[in-house]
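Q: Here is the input, now give the coordinates:
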Amino acid sequence: MSNTCATLYGDRILELDERPIPNPGKRDVLLLIKSVGICGSDLKYWAYGRCGRFLMESPMVTGHEASGVVVKLGKDVTTLQIGDRVAIEPGIPCRTCDLCKRGRYNLCTDVIFCATPPVDGNLCQFYTHPADFCYKSCWATYNDDR
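A: Got it, this is the predicted structure:
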């Protein structure tokens, strides 16, 4: 099985690629992505190869507003289970600075953000993400739930 991803190669060049299915790290989960919103930043990367000060210098999987189903757990994950439906927080902060420790992780200056160069996004079939930035969503339904 492979992982089909929507990869931007440059201005207005978007292709479907096959990549390996990633393995989750010890505190991560592997998600089967079910939905991804297209954001203004995705459109800017597609149209111009950049968004603000962030410039694409190599191919990048787009998308960061995703939800999906947990299909594999990292060995230290205890807060989620296989089959859980989750929405992700696309910004992964350092967790150690003063802002993070005060609960203001959205202001962390060392945040790593999905689909912001050089980090790949999640417009793909399978995606790994830290479990503590995946939020259970009991109300989410997908077309294949019928």
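
Q: now Leu8, what's its secondary structure?
A: Secondary structure for Leu8, judged by DSSP: H, G, I helix; E, B strand; the rest coil, is strand.

Q: Beta-bridge partners for it, please?
A: On the basis of DSSP bridges, Leu8 is bridged to Leu14, Met60.

Q: Which pLDDT does the model give it?
A: On pLDDT, Leu8 comes in at 96.

Q: wait, what's in contact with it?
A: Neighbour list for Leu8: 14, 45-46, 49, 56, 59-62 [criterion: Cβ atoms under 8 Å, 6 or more residues apart in numbering]. Where C-beta positions appear, they are placed from N, C-alpha and C, glycine not excepted.

Q: Likewise for Tyr127?
A: Per Cβ under 8 Å, 6+ apart, neighbours of Tyr127: 22, 30-31, 33, 66, 68.

Q: ok, back up a step: could you save the contacts of Leu8 as a markdown table and add columns showing pLDDT, distance to Tyr142 and neighbour count?
A: Below are those laid out as a markdown table (pLDDT from 0 to 100; distance: Cβ to Cβ, whole Å; neighbours: other Cβ atoms under 10 Å):
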| residue | pLDDT | distance to Tyr142 | neighbour count |
| --- | --- | --- | --- |
| Leu14 | 95 | 23 | 14 |
| Tyr45 | 95 | 26 | 25 |
| Trp46 | 95 | 25 | 19 |
| Gly49 | 93 | 32 | 19 |
| Met56 | 95 | 30 | 20 |
| Pro59 | 97 | 28 | 14 |
| Met60 | 97 | 26 | 22 |
| Val61 | 97 | 21 | 21 |
| Thr62 | 96 | 20 | 25 |
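
Q: host element of the one residue sitting closest to the centre of the chain?
A: Closest residue to the average C-alpha location of the chain: Asn122 at 4.2 Å, with Cα atoms, centre = their mean. Applying DSSP states H and E as the criterion places Asn122 outside every helix and strand.

Q: Tally up the residues packed near the nearest residue to it once chain neighbours are set aside, please.
A: Computed as Cβ to Cβ, 6 or more residues apart in numbering, the closest residue to Asn122 that is not its neighbour in sequence is Ala66, at 4.3 Å. Per other Cβ atoms under 10 Å, the neighbour tally for Ala66 reads 24.
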